[in-house]
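# model this:
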Amino acid sequence: MKSKNEVKAYLNRQICICDTTIRDSENASGVVLSNTEKYRIAKLLDNAGVAQIDVGSPFTGAEEKKTVRRISRMGLNASVMAYNRAEKKDIDDSIECDVDAVSIGIPVSEIQMTRRMGKTPDWVRNKMFEAVSYAVEKDLYVSCIMEDATRASLPFLMNFALDAKEAGADRLVYNDSVGVEEPFSTFERVKILKQVTEMDIEIQSRNDFGLATANSLAGIKAGATFVGASLLGIGSRAGNAPLEEVALISEEKLKMSTGINLTALKSAAVALSRASGRKIWESKPVLGSGCFAQEAGLSADGSSSAIEILEPYDPAVVGGEREVVLGKHCSVESVIYLLKSLDLGIDPDQAEELTELVRQNASDQHRSLSTDDLYELYQDLMSGTVFRDEEDDEDFDSKRNPVDEE
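Residues are numbered from 1 along each chain as shown. As a prediction, this is how the structure comes out:
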């Protein structure tokens, strides 16, 4: 178990991404992970350099305590955090599991305070203050989650945040628990929160409107240095901000270090996909197998440098592989490029003819062709044994029924 100062030192990054995969994956419909799978994912996340891992909620029962305690004792470099309600008993349960950090969450929107909890705003503020103070006394790193912050009134949010600061919380979490926020309001509210409190701010976004990554980026732009995210965005309903997307954007677009090895992160994502049964679809940003697949648009020389011009970033950054697709709409340049990779040469006229053959075969077979398919067509063309329809229907009919027939 790390000391509070050790945790702070490890979390000292330009952008600190806190992973919620292990805790939140089982909130996704139909997903259940075994303890062994959770341990493996925790290790892979740590290998990738993730700073903090939220591994569960000990207050939910003995089995969850067992899981959290085991991960806490794995000797990970990452800080190990557990989620708690604003209850001293929850915090005691987390302490028994040897975590070095706790998150304490409580709703702050009027609709949840009154209609869901049946409590007054003052009761909520006092309950949070009591719980945070208690955790601070136990020398734990404390993250205070303002649940449903996006629907909270700004004056109440500010007062709540200042109370959390006074109680000794290490960071505040601006949480969009129902996924209704948009980037412009995220920016404005997080900016105000940062200015008023001068505390570390974390942005946690849900993806119900497909804006979780954009909202995370807006939060960072507004001054948040922490982001809550999960691998593949796994989580309840439409999920969370995908960790891999936030990490890539931080590194490539913002030029801010996360300390995460994106290539190593892929192993954790694959392990999660297998354990959860959630497929990594081909077009998935960052991790999809088709992220760097191109069917058309190469320049005339068909060189690798021509392909790079059309790529948003180097595939090697995320452990991806460049792919030129031979499909119905492939270009001559694509064919030339792949022939070069096979150490095969071809003249321009033959390249045009071979490209037509590739397009026709791809259309006939309802799929893209492999390099083996290309090689076979190349061999057929070079040997003059290409199989084609000898004449189209119109020519055939005209020869069968000549116009000068009496």
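# which sections of the stretch 251-400 of the chain are below the confidence cut-off?
Across the stretch 251-400 of the chain, the ranges flagged by pLDDT under 70 are 295-307, 387-400.
# all strands for it, in order.
Using DSSP state E, counting those that start in this stretch, the strands assigned to the stretch 251-400 of the chain run over residues 293-294, 323-324.
# Adding mean neighbour count and distance to Asp347, write these out as CSV.
Where you see a C-beta, it was placed from the backbone N, CA and C, and this is true even at glycine. Formatted as CSV, the strands of the stretch 251-400 of the chain follow (neighbours: other Cβ atoms under 10 Å; distance: least, Cβ to Cβ, whole Å):
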stretch, mean neighbour count, distance to Asp347
strand 293-294, 18, 24
strand 323-324, 19, 20
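# I'd like these as CSV, with distance to Asp19 appended.
Formatted as CSV, the strands of the stretch 251-400 of the chain follow (distance: least, Cβ to Cβ, whole Å):
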stretch, distance to Asp19
strand 293-294, 28
strand 323-324, 29
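# To Ser185, which of those strands lies closest?
The closest of the strands of the stretch 251-400 of the chain to Ser185 is strand 293-294. By Cβ to Cβ, the value is 36.1 Å.
# thinking again about what came up before, closest to Val332 out of the strands of the stretch 251-400 of the chain?
strand 323-324 (12.0 Å).
# Return the distance of that closest one from the chain's centre.
On the basis of Cα atoms, centre = their mean, to the nearest Å, strand 323-324 sits 23 Å off its chain's mean C-alpha point.
# And for stretch 52-65?
With Cα atoms, centre = their mean, you get 23 Å for stretch 52-65.
# again with stretch 183-199
Worked out by Cα atoms, centre = their mean, stretch 183-199 lies 23 Å from the chain centre.
# And it, what's buried?
For stretch 183-199, the neighbour count (16 or more other Cβ atoms under 10 Å) marks 183, 186-187, 189-194, 197, 199 as buried.
# Val80: helix or strand, and which one exactly?
If you go by DSSP states H and E, Val80 is part of strand 79-85.
# elements contacting that strand?
Packing partners of strand 79-85 (3 or more Cβ pairs under 8 Å, 6 or more residues apart in numbering; DSSP states H and E): strand 52-54, helix 62-72, helix 88-96, strand 101-107, helix 121-137, strand 141-147.
# repeat that for 7 Å
strand 52-54, helix 62-72, helix 88-96, strand 101-107 (3 or more Cβ pairs under 7 Å, 6 or more residues apart in numbering; DSSP states H and E).
# Show me what counts as buried in that strand.
79-84.
# cool, and stretch 59-69?
Buried-residue list, stretch 59-69, by 16+ other Cβ under 10 Å: 59, 64-65, 67-69.
# Let me know the closest of these to Phe156.
Phe59 (26.1 Å).
# My read is that that closest one contacts Lys88, right?
No: Phe59 lies out of contact with Lys88 (Cβ atoms under 7 Å); the separation is 10.9 Å.
# rewinding a little: could you dump the helices and strands packed on strand 79-85 into TSV with distance to Ala149 and mean pLDDT added?
Below are the helices and strands packed on strand 79-85 laid out as TSV (distance: least, Cβ to Cβ, whole Å; pLDDT from 0 to 100):
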stretch	distance to Ala149	mean pLDDT
strand 52-54	18	98
helix 62-72	26	97
helix 88-96	20	98
strand 101-107	9	98
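# Ile346 is nearest to which of those?
Shortest distance between Ile346 and the helices and strands packed on strand 79-85, using Cβ to Cβ, is found for strand 52-54: 52.7 Å.
# residues in contact with the closest one?
With contacts defined as Cβ atoms under 7 Å, 6 or more residues apart in numbering, strand 52-54 is touched by 11, 18-20, 22-23, 42, 45, 78-81, 83, 101, 103.
# same thing but at 10 Å, please
Strand 52-54 is touched from outside by 7, 10-11, 16-24, 41-42, 45-46, 68, 71, 76, 78-83, 99-103, 141, 143, 202, 226, 228, 230, with contacts defined as Cβ atoms under 10 Å, 6 or more residues apart in numbering.
# about what we covered before: export the helices and strands packed on strand 79-85 to a markdown table and tack on distance to Glu166?
Below are these laid out as a markdown table (distance: least, Cβ to Cβ, whole Å):
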| stretch | distance to Glu166 |
| --- | --- |
| strand 52-54 | 24 |
| helix 62-72 | 29 |
| helix 88-96 | 18 |
| strand 101-107 | 15 |
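# which one of those lies closest to Pro285?
strand 52-54 (22.3 Å).
# Strand partners (parallel or antiparallel) of the closest one?
strand 16-19 (parallel), strand 79-85 (parallel) (DSSP bridges).
# Just send those back as JSON lines, with distance to Tyr134 and mean pLDDT too.
Shown next, in JSON lines, are the strands paired with strand 52-54 (distance: least, Cβ to Cβ, whole Å; pLDDT from 0 to 100):
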{"stretch": "strand 16-19", "distance to Tyr134": "22", "mean pLDDT": "98"}
{"stretch": "strand 79-85", "distance to Tyr134": "10", "mean pLDDT": "98"}
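# Dump those strands to a markdown table, plus distance to Asp373.
Putting the strands paired with strand 52-54 into a markdown table (distance: least, Cβ to Cβ, whole Å) gives the following:
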| stretch | distance to Asp373 |
| --- | --- |
| strand 16-19 | 41 |
| strand 79-85 | 50 |
